[in-house]
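# Fold the following and give me the result.
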Amino acid sequence: MNPEIIPAERLIQLITAILRGDEAGLPVFSNTAYDSSIGGCLHVLYTNCPDDIVRSTSADLVNIFPHSLLKTRSLDLKVH
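Predicted structure coming up:
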């Protein structure tokens, strides 16, 4: 993936900021379609970016994930 054409690291950082949502004062509107779209974007970015970007961005994503699960309206993600 060419970082000048597709800035994967910056896109992952932006998605992480979106998932933080209410911390940035943004409304929470997470549902199944929304969560699936975010997951699809992250899947494509992570499977096509260099390992150093995965290492530098994954900790933030892992840390925000439990908080995101609390905010979602997606019953698929809330199944225990």
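
# How about Leu61: what's its closest non-neighbour residue?
Thr16 (5.5 Å; CB to CB, 6 or more residues apart in numbering). Quick note: C-beta positions are derived from backbone N, CA and C, even for glycine.

# is it true that that neighbour touches Ile64?
Yes - here Thr16 reaches Ile64: they are 5.9 Å apart, a contact under CB atoms under 8 Å.

# what about Val62, neighbour count?
9 (other CB atoms under 10 Å).

# and it, what pLDDT?
What the model reports as pLDDT for Val62 is 91.

# Next one: it from Ser74, what distance?
The gap separating Val62 from Ser74 is 19 Å, by CB to CB, to the nearest Å.

# pLDDT on the one helix or strand Tyr46 maps to, on average?
Here Tyr46 sits within helix 32-48, counting by DSSP states H and E. Averaging pLDDT along helix 32-48 gives 91.

# Check which helices and strands that helix is in contact with.
helix 8-20, helix 75-78 (3 or more CB pairs under 8 Å, 6 or more residues apart in numbering; DSSP states H and E).

# and the direction of the longest one versus that of helix 32-48, what angle?
With axes from the mean of the first three to the mean of the last three CA atoms, to 10 degrees as the basis, helix 8-20 and helix 32-48 are set at 150 degrees to each other.

# Could you give me the buried positions within helix 8-20?
Residues of helix 8-20 classed as buried: Ala8, Glu9, Leu11, Ile12, Gln13, Ile15, Thr16, Ile18, Leu19, Arg20 (neighbour count, 16 or more other CB atoms under 10 Å).

# Pick the one among these closest to Leu42.
Of all the buried residues of helix 8-20, Ile15 has the smallest distance to Leu42: 6.1 Å, by CB to CB.

# if we can go back for a sec, who touches the residue nearest to Leu61 in this structure?
Contacts for Thr16 (CB atoms under 8 Å, 6 or more residues apart in numbering) come out as Thr57, Asp60, Leu61, Ile64.
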